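1. Mind looking at a prediction? Sequence and model below.
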Amino acid sequence: QLQVVESGGGLVQPGGSLRLSCAASVYSLDGYPIGWFRQAPGKEREGISCINTNSRIINYADSVKGRFTISRDGATNTVVLQMNNLKPEDTGVYYCAATLYYCSSSISPNDYDIWGRGTQVTVAS
C-alpha cells in the first residue's frame, strides 16, 4: 500500500521561505493526485493545495495563492510545496495526502485517503 512521508519543515522568520517535500515510501506518487494540508493548534485541518496526476490541474486555497507553489518532481518521485513570504498564520503541522479521487477546488481532507505523519512549520521572529 502507498505510504507518504513529509519533510522540510522547520522554524523560519516572517517573510522567509521553506520547501516541503512529499515522498512515497514504496510506490510511485505518479498515479495519485496529491494534496497538502495544514493544521494549526486548536483549528481544523485545512486544504491548502493539490495537484493532479499530470500536473495540469492545480488548486490553492485563497490564503496561500501567490505565495505557495505545488509541483511534481518526477526525478525524485516527490511532490514539492514551495512556500514563500511566510506569515505567522502559516504556522502549523503540514501534511501531504494521496487520493483515489481527484484534485478538486475544495481541497477537502475528506477526499484524501493516505496520509503522512506531518511536518511542523513555525513562522516566528
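-> Cool, got the structure.
2. any idea which element the most centrally placed residue in the chain lies in?
-> Taking C-alpha atoms, centre = their mean, the centroid of the chain lies closest to W36, which sits 2.3 Å from it. Using DSSP states H and E, W36 maps to strand 34-39.
3. circling back to that earlier point, so the residue nearest to the centre of the chain sits against V93, correct?
-> No - the criterion here is C-beta atoms under 8 Å, and W36 misses it with V93 at 11.4 Å. Yep, even glycine has a C-beta here, placed from its N, CA and C like the rest.
4. Let me know the pLDDT of the spatially closest residue to K43 that is not a sequence neighbour.
-> Residue nearest to K43 in three dimensions, not counting chain neighbours: G92, with 7.7 Å by C-beta to C-beta, 6 or more residues apart in numbering. Listed pLDDT for G92 reads 98.
5. A75 now?
-> 89.
6. if I look at it, how far off is G118?
-> Per C-beta to C-beta, to the nearest Å, A75 is found 25 Å from G118.
7. got it, and V64?
-> Look at V64 and G118: by C-beta to C-beta, they are 17 Å apart.
8. Please name the bridge partners of N59.
-> Here N59 sits in beta bridges with C50, going by DSSP bridges.
9. Distance check, it against Q13.
-> 28 Å.
10. Look at the two and report which has more neighbours.
-> N59 (19 against 10; other C-beta atoms under 10 Å).
11. so who does that one touch?
-> Listed by C-beta atoms under 8 Å, 6 or more residues apart in numbering, the contact set of N59 reads 49-50, 103-105, 107.
12. Please apply the same query to R72.
-> Applying C-beta under 8 Å, 6+ apart, one finds that R72 lies in contact with 29-30, 34, 51, 55, 78-80.
13. returning to that earlier point: most neighbours among the contacts of N59, please name it.
-> C50 (30 neighbours).
14. Now that that one has come up, it's in contact with Y32, right?
-> No - with contact defined as C-beta under 8 Å, C50 does not count as touching Y32 (10.6 Å).
15. Quick check: neighbours shared by the two?
-> The overlap between the contact sets of C50 and Y32 (C-beta under 8 Å, 6+ apart) consists of T99.
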